[in-house]
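[1] Pasting the sequence and the predicted coordinates here, then a few questions.
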4 protein chains.
Amino acid sequence: MPKDTFLNLPDEKRAHIEQVALAEFAEHGYDNASINRIVAAAGIAKGSFYQYFEDKQDVLAHLITQIGQAKIEFMSPVMQNPAGHDFFTVMREMYRSGLAFARMNPHGAQVANQFLQNRTHPVYAAIYADSLETAKVFYHNMLDMAIRQGDVRPDIDRRFVIHMLITLHVSLIEYYFEEVQGGAIDVAQLDDNLMDTVSTFLDFIQHGLAYKEEGVPTHD
Amino acid sequence: MPKDTFLNLPDEKRAHIEQVALAEFAEHGYDNASINRIVAAAGIAKGSFYQYFEDKQDVLAHLITQIGQAKIEFMSPVMQNPAGHDFFTVMREMYRSGLAFARMNPHGAQVANQFLQNRTHPVYAAIYADSLETAKVFYHNMLDMAIRQGDVRPDIDRRFVIHMLITLHVSLIEYYFEEVQGGAIDVAQLDDNLMDTVSTFLDFIQHGLAYKEEGVPTHD
Amino acid sequence: MPKDTFLNLPDEKRAHIEQVALAEFAEHGYDNASINRIVAAAGIAKGSFYQYFEDKQDVLAHLITQIGQAKIEFMSPVMQNPAGHDFFTVMREMYRSGLAFARMNPHGAQVANQFLQNRTHPVYAAIYADSLETAKVFYHNMLDMAIRQGDVRPDIDRRFVIHMLITLHVSLIEYYFEEVQGGAIDVAQLDDNLMDTVSTFLDFIQHGLAYKEEGVPTHD
Amino acid sequence: MPKDTFLNLPDEKRAHIEQVALAEFAEHGYDNASINRIVAAAGIAKGSFYQYFEDKQDVLAHLITQIGQAKIEFMSPVMQNPAGHDFFTVMREMYRSGLAFARMNPHGAQVANQFLQNRTHPVYAAIYADSLETAKVFYHNMLDMAIRQGDVRPDIDRRFVIHMLITLHVSLIEYYFEEVQGGAIDVAQLDDNLMDTVSTFLDFIQHGLAYKEEGVPTHD
DNA sequence: CATGAATGAGCTTTCATTCAT
DNA sequence: GATGAATGAAAGCTCATTCAT
């Protein structure tokens, strides 16, 4: 956790430092992120950095916490209060908000993805301990509810499905960045295209890839 | 590509160096892997390392190539000649073989996973260019065939589905290691448990998570 | 350019480091100069060196700039304001001041000579771009003026003569060091001897080596 | 001196190795010349290199000896038997032949120049001891004769003039390469231009830069 | 609270040379 | 005579972190 020195900083300065650090982590990843570059870009003294944060890991942990909070603001009402909604509707909202967040805060999304992808990295693991549990609990409750509601079939391995849903979330954002950077898709239509993809994808999560014979309506 | 000096080495010595390097990459990842540690553990001179390989990236590329080849040996007959088989059968074999490989060669599986997870890392991206395309083509052909055979419904975004299937493969191996290391599951029963998971998972890919009402048989 | 860290150093410490580095370059030349030796001799940490300078080239560039400035202090009033003086008088002052500088600052003179002698070396060339042009412009103006004044005959290739005059300056300093180190001349009389040489040499530049027949006075 | 092993090599192979080594030294200078690169480019084994030569210095010494011999072939009859010719005629032939050699054997000329320019470098100094003395003796005899013949005035410091004449020779070749690489002059006319320069230059050596009043013919 | 100089372990890589085969 | 694997010292440079001011 950042030291009080940092938290007492004027909002603007604090935000500036956070933004610079975020960009550094997004571009280089944790291992190659350089505190030298961060302080240079932020225009602060090296010593000040260590008055603000314990160490490199501390900044990242702080940023990830922040990203988590920022993401909440992208959540639709449905997600904030999922009770009573169809599981797949909530999922759709979740992927949609993930995409919206990536669109508005690409660096944040990239850092979040790095984090979720590198859970075995000691540093990420250390941070993970604190923050990922929340997500798991959320998914867990969601799945429990979904099964009780009859949305999801009960014969699933919940731990694995959660693992997979998180992975797929990451994969979606990844896909988004690859399309954006690869220029594979007209940027103007990107969001529409991606929401189409999300829809197809949701449909897949719901009904699988298997071809359904005629006369066998799927249950929506 | 490793230099001839390396390829001409006695099998035993070569294998030893490979194993040491693989362990280093598996444990620390590319950025934190240390050539100093590798040569110390391998018992070779630092200069020798550079007689064998161009640089750090070169070793990793070599190891990944090797892993790719080793994986082939874990492929079942079904995978080696997928034509004529049901898509989901092939997928099941694929995930099963991935798991078997991870079981027999954990370091190799870990390195392969790091590789697949870090496609944006410049070094992995450089290696990726050469080797991942193969996997994509394989999946592409598989999907085409599956749709023609009526195994898979035609209204999917193939690029995204491929992206996702690869991600899921990685996710499965990840899950395997987490269970093993976390001690979540009795190791003696691990494989059975995991194949159960694979089955459930396959079932999920096939039919989705949605609860099916009675009397609506799925198409297998 | 050295970093501010270096420029902000206490004069004494800064001068010490400069002197140590200068000695290293003078003795070993750029390629064989060792930063390890410099930091050891200067009694600073290796990291500090890189807080002071960008890299090896940066130190040398700094030293050469410094040498250039130091040389100015050896310039006679005639050189500082050459207008109105006979060209050969200015040249004589130039060679004299070069010699005086070499006498007072042998390491500086040696490094300057290495620099002027190795213009094709990539590192010297990079430094050269910034600093040698000045010298060429100076010579150019001098020659123009000399021709207008009727001191120098107009049928010369100015570019080549400049090239040559610079070379000869270097050659003179070289000669000085060879005599000093070779012990060819009694050191006590060295300066007198060398100024004699400069005179003869100037005479040569002025009138050439050719024997003049009696009754044909040269124009001074 | 190269070992017998080298001298006994088939002419073609020996010449190939020499050419490769020469190119390496010409491009990188002694310090940055790499034996690794030489053996790679020459297609010989590292061990073979050390069967041929004592060490890096040995190759260079051999090449410089060779260059010296090759230069002789560019000497005109006048130079080979200078007795009885006017000193300045011999000088003109010398500069002309230097230029011709540089034209036909640029690498050789470059290496020779590096050698002559870096007499303080320990390695060059070691080689110098053996080979430069010859040149000095040649010049010495030339000057003695020239003074006796009345070509050159007797009031010169012979040691210094020799030093200078050598320097100027180097400077001329340098100038040649700068013009060639800089593209300053139309290559088709380069040689003519340079011989003009040589002429002007010779005139300078003979009569100096000073403007001569009318009616005072110089002695040619 | 800010500063920025100091640190030295660590990094990857290159090198000329040796020597057993 | 040819080979090429082995060597380890040394290179230039970066890093996160400390601490006196």
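    Good, I have the coordinates.
[2] which residues sit in contact with A:Thr9?
    Careful, residue A:9 is Leu; it's not Thr. A:Ile17, A:Tyr52 (C-beta atoms under 8 Å, 6 or more residues apart in numbering or on different chains). (Each C-beta comes from the backbone N, C-alpha and C, glycine too.)
[3] Could you report the pLDDT at it?
    Note for A:Leu9: predicted pLDDT of 91.
[4] Could you report the distance from it to DNA strand E?
    6 Å (C-beta to the nearest atom of the strand, to the nearest Å).
[5] For that residue, which three-state class applies?
    coil (DSSP: H, G, I helix; E, B strand; the rest coil).
[6] Break chain A down into its domains, please.
    Domain assignment for chain A by automatic domain parsing gives A:4-55, A:66-207.
[7] show me the biggest helix of chain A in terms of residues.
    In chain A, taking DSSP state H as the definition, the longest helix is helix A:122-149.
[8] Can you give me the neighbour number for A:Ala15?
    By the measure other C-beta atoms under 10 Å in any protein chain shown, the count of residues near A:Ala15 is 11.
[9] Pull the contacting residues for the nearest residue to A:Asp151 once chain neighbours are set aside.
    Spatial nearest neighbour of A:Asp151, excluding adjacent residues (C-beta to C-beta, 6 or more residues apart in numbering or on different chains): A:Phe87 at 4.0 Å. With contact set as C-beta under 8 Å, 6+ apart, A:Phe87 has these partners: A:Met142, A:Leu143, A:Met145, A:Ala146, A:Gln149, A:Asp151, A:Val152, B:Leu209.
[10] do you know how far A:Phe87 is from DNA strand F?
    42 Å.
[11] Phi first, then psi, for that residue.
    phi -50, psi -40 (degrees, to the nearest 10).
[12] A:Val152 now?
    Main-chain torsions, A:Val152, degrees, to the nearest 10: phi -120, psi 140.
[13] how close does it get to chain B?
    For A:Val152, the distance to chain B (C-beta to the nearest C-beta, to the nearest Å) stands at 5 Å.
[14] Find the nearest non-adjacent residue to that residue, please.
    The shortest distance from A:Val152 to any non-neighbouring residue, by C-beta to C-beta, 6+ apart, is to A:Ala146 (4.1 Å).
[15] Number of residues surrounding the one you found?
    Residues near A:Ala146, counting by other C-beta under 10 Å: 24.
[16] what's the answer for A:Glu174, then?
    When neighbours are counted by other C-beta under 10 Å, A:Glu174 comes out with 20.
[17] Does it lie in a helix or a strand, and which?
    helix A:158-182 (DSSP states H and E).
[18] Which strands and helices lie in contact with the following helix or strand past that helix?
    Once the chain leaves helix A:158-182, the next helix or strand it forms, by DSSP H and E, is helix A:190-207. Packing partners of helix A:190-207 (3 or more C-beta pairs under 8 Å, 6 or more residues apart in numbering or on different chains; DSSP states H and E): helix A:87-104, helix A:158-182, helix B:158-182.
[19] could you dump those to a markdown table with distance to D:Lys71?
    Shown next, in a markdown table, are those (distance: least, C-beta to C-beta, whole Å):
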| stretch | distance to D:Lys71 |
| --- | --- |
| helix A:87-104 | 70 |
| helix A:158-182 | 59 |
| helix B:158-182 | 67 |
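[20] Turn the ones you listed into a markdown table, including mean pLDDT and distance to B:Phe25.
    Output for these, formatted as a markdown table (pLDDT from 0 to 100; distance: least, C-beta to C-beta, whole Å):
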| stretch | mean pLDDT | distance to B:Phe25 |
| --- | --- | --- |
| helix A:87-104 | 87 | 30 |
| helix A:158-182 | 83 | 22 |
| helix B:158-182 | 83 | 15 |
